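Asker: Predicted model and sequence follow; I will ask about them next.
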Amino acid sequence: MTADPHRFYVLSPDGRLITGLDTPDGAKAAALDYGDGAVVVDTLAQAYYPVAEEVAGGELLHGGIAGWNAGRADPAKDLIMAVKTGNAAVVRAFLAKGSDADSRDANGGTVLHWAASRGNVEITQLLLDAGADPAATDGGGKTALDIARGKGRAKLVALLG
């Protein structure tokens, strides 16, 4: 996936369109044009600032996800943190920005392992669609399917199997 240098990403309410923008005002205007359900993701959000804001009732409201000093470490850490939020819009934004769908943590676990561990079917599907390798193993030799089976996540077992 080619890196996209934008800071802000706006997702349409149906989640199918994503637009990269450089300014918060441009992102806000685009999200408000999309209407209720549109999401703005700040891929460089600092700690205690919102990573995601969603349009509701014609206003942009905090999406309940605080920043983690995104962009200060590396794209792999940012994508793992995005997966940990459980918010598909945040994951899509970091993938659009160029994070590798096979990013790994310090223990060798991939973002797909994290999605399976968290039980998030939508994010798992996003990662697979972005080219994540379902056969990749973590530091202990387990695949995301092994993780899903071990946690009794039947929908993920079916998706990954």
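Answerer: In hand now; what should we look at?
Asker: where are the low-confidence patches of this protein?
Answerer: 1-4 (pLDDT under 70).
Asker: residue closest to the middle of it?
Answerer: residue 91 (0.9 Å; CA atoms, centre = their mean).
Asker: So that one lies in a helix, does it not?
Answerer: Yes: membership of residue 91 in a helix is supported by DSSP: H, G, I helix; E, B strand; the rest coil.
Asker: My guess is it contacts residue 80. True?
Answerer: No: with contact defined as CB atoms under 8 Å, residue 91 does not count as touching residue 80 (10.1 Å). The way it works is simple: take the backbone N, C-alpha and C, and place the C-beta from them, glycine included.
Asker: one step back: give me the distance between the residue nearest to the centre of the chain and residue 38.
Answerer: According to CB to CB, to the nearest Å, residue 91 and residue 38 sit 16 Å apart.
Asker: Please apply the same query to residue 157.
Answerer: 33 Å.
Asker: Compare these two (neighbour count), which wins?
Answerer: Using other CB atoms under 10 Å, the more surrounded residue of residue 157 and residue 38 is residue 38, with 25 against 17.
Asker: Please name the residues that touch the more buried one.
Answerer: 10, 11, 12, 13, 30, 31, 32, 54, 55 (CB atoms under 8 Å, 6 or more residues apart in numbering).
Asker: burial of the nearest residue to residue 30 once chain neighbours are set aside, as a residue count?
Answerer: Of all residues beyond its chain neighbours, the one nearest residue 30 is residue 10 (4.4 Å), with distances taken as CB to CB, 6 or more residues apart in numbering. Neighbour count for residue 10, taken as other CB under 10 Å: 27.
Asker: In a strand, residue 10, correct?
Answerer: Yes: counting by three-state DSSP, residue 10 is located in a strand.
Asker: That one against residue 18, yeah?
Answerer: Yes: here residue 10 reaches residue 18: they are 7.1 Å apart, a contact under CB under 8 Å.
Asker: For residue 114, pull up the helix or strand it's in.
Answerer: Applying DSSP states H and E as the criterion places residue 114 in helix 111-118.
Asker: how does the protein divide into domains?
Answerer: As given by automatic domain parsing, the domain ranges for the chain are 1-99, 101-161.
Asker: residue ranges of the helices in this structure, please?
Answerer: 24-34, 75-85, 88-97, 111-118, 121-129, 144-150, 154-160 (DSSP state H).
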